[in-house]
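In: based on what follows, work out the 3D shape:
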Amino acid sequence: ASSPYGGNGGVGPGDVGNYLVTAHRLSAGGVLRDLPDLGKGAPVYVVEDGTRYTYEITATRQTSFRSERSLAEQRAEVPGRPGAEPTRAMITISTCATPEDDAAGNFWRDGLGNPEHRIDKVGVLVAESPAP
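Out: Residues are numbered from 1 along each chain as shown. Next up is the predicted model:
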């Protein structure tokens with residue numbers, strides 16, 4: 001998994017704004033294999049530096065690697081709303097839509113082999129507690 005936060009931009013777990021996390025769905029152990037099945041209200045736990053952050057899924061969106069607008073919406077401080085000022089801690093968890101794209105006959109890949117679409121789950125922070 002990877003998350004572009006720190007000195008080069010982005011926010012980390014629990015911070016106000018959009019904490020963006022992306023990982024493989026089908027390869028490298030399939031970290032996000034079941035991400036498409038998460039529905040509204042599903043909990044997501046992130047542990048960092050002794051704190052467990054609990055997010056609740058509030059929305060599903062699709063991102064296209066072929067659309068700058070779509071990528072800007074995914075990466076916005078408020079997911080889906082570029083330029084909006086964040087007021088709460090949010091998370092966007094993103095993985096490939098390879099099976100869905102292939103089933104639809106969309107075999108486009110970028111230079112790194114990524115399919116056109118990503119499945120994003122958006123959530124809001126609902127709790128912080130010491131890590132178990």
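
In: the nearest residue to R25 once chain neighbours are set aside: neighbouring residues, count only.
Out: In space, R25 comes closest to T95 once its chain neighbours are excluded; the distance is 4.1 Å by C-beta to C-beta, 6 or more residues apart in numbering. For the C-beta atoms, the positions are set from N, CA and C on the backbone; glycine is no exception. Counted with other C-beta atoms under 10 Å, the neighbours of T95 add up to 23.

In: my read is that T95 contacts V21, right?
Out: No: T95 is beyond contact range of V21, at 9.4 Å (criterion: C-beta atoms under 8 Å).

In: for this protein, give me the ranges with low pLDDT.
Out: In the prediction, the chain carries residues with pLDDT under 70 at positions 1, 6-9.

In: elements contacting the lengthiest helix in it?
Out: Under DSSP state H, the helix in the chain containing the largest number of residues is helix 68-75. Under the contact criterion of 3 or more C-beta pairs under 8 Å, 6 or more residues apart in numbering; DSSP states H and E, helix 68-75 touches strand 17-22, strand 51-64.

In: quick one: list the elements packing against the first one.
Out: In other words, strand 17-22. helix 68-75, strand 89-96.

In: so which of those gets nearest P13?
Out: strand 89-96 (7.9 Å; C-beta to C-beta).
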